[in-house]
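Colleague: pasting a predicted model and its sequence here:
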Amino acid sequence: MTTPSRSPDRDQADRLRALVAERRAPRSPESAAPVLFAGAKGGVGVTSLCWRAAQSLAGAGTPVLAVDASLDRPDLTVAAGASRGSGPDLSDVFALRSTLAETSILVAPGARVAPGQWGPESPPVSLEQTQTLATQLAQHDQGLTLLDAGAGLRPLLLPLWRSAGLVLLVTTPDELSVLNAYATLKLAQSRGVCDAAALLVNRCYDQQEADATHDRLAAACGRHLGFEPPLAGWIAELPRGSLRSPAAAAAGSRLATYVRYALRPAGRAAA
């Protein structure tokens, strides 16, 4: 068998896989710990990236449960077209009225969504309730779980960050987003949940811009926090209104590749 040539994406994915291996015992993507998507700030594309990854992974044969866990508004629920009607959502999981499996809605072959129902009328969520969700996530063994955790690190979501085998912190190349990514990592370190975090740079022009963005953040973290988050990868800027375009599908495939390589046990051949 010939050895495939190396690429920047493959090198990034291998570094990411090493990070996950340090955090968790290796498992296959079909039974791996959750992958949590969090934004450096609002508007960086967390929800669209999470859902694109879910679609691509499911399309490649990995069953996926995408959980709308942002606590602010049900963006993932809307993006996935997961209308719950009168059915249960995560508020019912928090209240112990339903299980995570009972709330999930099949929205595409192999892809299920556990809808959120957040808004001014929603009951407040406690740390104990998000721990309940984390416990149910640990028991979910019907495929890979992706979490849309919204922007930043909210204290209420600490149990979800702790449960994750991989945290993809999404930033864009602009200075404000990078500063917010640093603030999120600083808080994550103070709460003991930074060890699974890796940077995902969205809306990049090219690899060079992604590397420059990562270098700025890694330098600040190394200088002030004593660690440097790895670069998980980057996603190109998509034209407006192109979420169903070939470019969007390619971005989803790229995301799925990052996740699969990170979660694949060392030595296992790529699919």
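Modeller: Done, it's in. Note that the coordinates shown come from a computational prediction; the quantities given were computed from them, not determined experimentally. Numbers count the residues shown, from 1 in each chain.

Colleague: low-scoring stretches of this protein, by residue?
Modeller: Applying pLDDT under 70 to the chain flags residues 1-31, 84, 118-120, 238-245, 247-248, 262-271.

Colleague: hmm, 80 instead?
Modeller: By pLDDT under 80, the low-scoring segments of the chain are 1-32, 72-73, 83-86, 117-123, 237-252, 254, 258, 260-271.

Colleague: residue nearest the centroid of it?
Modeller: F37 (2.5 Å; CA atoms, centre = their mean).

Colleague: is it true that it lies in a strand?
Modeller: Yes - counting by DSSP: H, G, I helix; E, B strand; the rest coil, one finds F37 located in a strand.

Colleague: now for D92: which residues touch it?
Modeller: Counting by CB atoms under 8 Å, 6 or more residues apart in numbering, D92 makes contact with S98, E102, T103. The C-beta positions use only the backbone N, C-alpha and C, and glycine is treated the same way.

Colleague: show me just the buried residues among the residues you listed.
Modeller: S98, T103 (16 or more other CB atoms under 10 Å).

Colleague: of all the contacts of D92, which comes closest to P123?
Modeller: When those are ranked by distance to P123 (CB to CB), S98 comes first, at 14.6 Å.

Colleague: tell me the contacts of that closest one?
Modeller: The contact partners of S98, taken as CB under 8 Å, 6+ apart, are P88, D92.

Colleague: how much space between it and D89?
Modeller: Distance of S98 to D89, given as CB to CB, to the nearest Å: 8 Å.

Colleague: repeat that for T171.
Modeller: The value you get for T171 to D89, if CB to CB is used, is 29 Å.

Colleague: who's more crowded, these two?
Modeller: The neighbour comparison of T171 against D89 (other CB atoms under 10 Å) goes to T171, with 26 against 21.
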